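> fold the following for me, if possible:
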Amino acid sequence: MSDPKVFAQPGDGRTTQLDGSSRRVVLDLPELMLVEFVFEKGGVGALHSHPHVQSSYVAEGVFDVTIDGVTQRIAAGGAYIVPSGLVHGVVALEAGKLIDSFTPRRDDFL
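From the prediction side, this is the model:
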């Protein structure tokens with residue numbers, strides 16, 4: 001098991017600056033990926049879809065989360081799952097952080 005990276009320390013991974021947020025790929029294998037998104041207040045994760053199943057945990061802040069046309073407000077400690085192919089997005093109502101997992105890995109983030 002010496003080949004795959006299965007541990008990450010704070011600050012490990014590559015960070016990409018986005019408009020109103022940043023994305024850090026924490027760990028990835030072909031079957032699964034863990035990503036940290038940090039949002040400024042008012043930051044938007046625009047509506048989009050992808051074939052990956054996504055699970056997201058709200059680590060900090062409050063977000064309006066829209067999945068397949070339904071919006072719910074989710075605060076720190078809450079979570080949601082996005083099934084494959086559904087249109088979804090978020091709006092940060094305050095500065096916050098999402099921890100997302102994707103299966104399989106999103107190669108477009110690498």
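
> any stretches of this protein with poor pLDDT?
Within the chain, the ranges that satisfy pLDDT under 70 run 1-3.

> okay, strands next: where are they in it?
14-18, 21-29, 32-39, 44-48, 53-60, 62-67, 70-75, 79-82, 88-92, 96-103 (DSSP state E).

> nearest to Ala8, out of those?
strand 21-29 (4.9 Å; Cβ to Cβ). Bear in mind the C-beta positions are built from the backbone N, C-alpha and C, glycine included.

> for the closest one, packing partners?
strand 14-18, strand 32-39 (3 or more Cβ pairs under 8 Å, 6 or more residues apart in numbering; DSSP states H and E).

> ok, and what's touching it?
4-8, 12-16, 33-40, 43, 45, 92, 105, 109-110 (Cβ atoms under 8 Å, 6 or more residues apart in numbering).

> show me which of the residues you listed are buried.
For the contacts of strand 21-29, a burial check counting by 16 or more other Cβ atoms under 10 Å picks out Gly13, Met33, Leu34, Val35, Glu36, Phe37, Val38, Phe39, Gly43, Gly45, Ala92, Arg105.

> ok, the last one to Pro4 distance?
This points to Arg105. As judged by Cβ to Cβ, to the nearest Å, Arg105 and Pro4 stand 12 Å apart.

> quick one: contacts for the nearest residue to His52 once chain neighbours are set aside?
Counting by Cβ to Cβ, 6 or more residues apart in numbering, the nearest residue to His52 once its immediate chain neighbours are dropped is Phe102, at 4.4 Å. Applying Cβ under 8 Å, 6+ apart, we find Phe102 in contact with Leu32, Met33, Val35, His52, Val53, Gln54.
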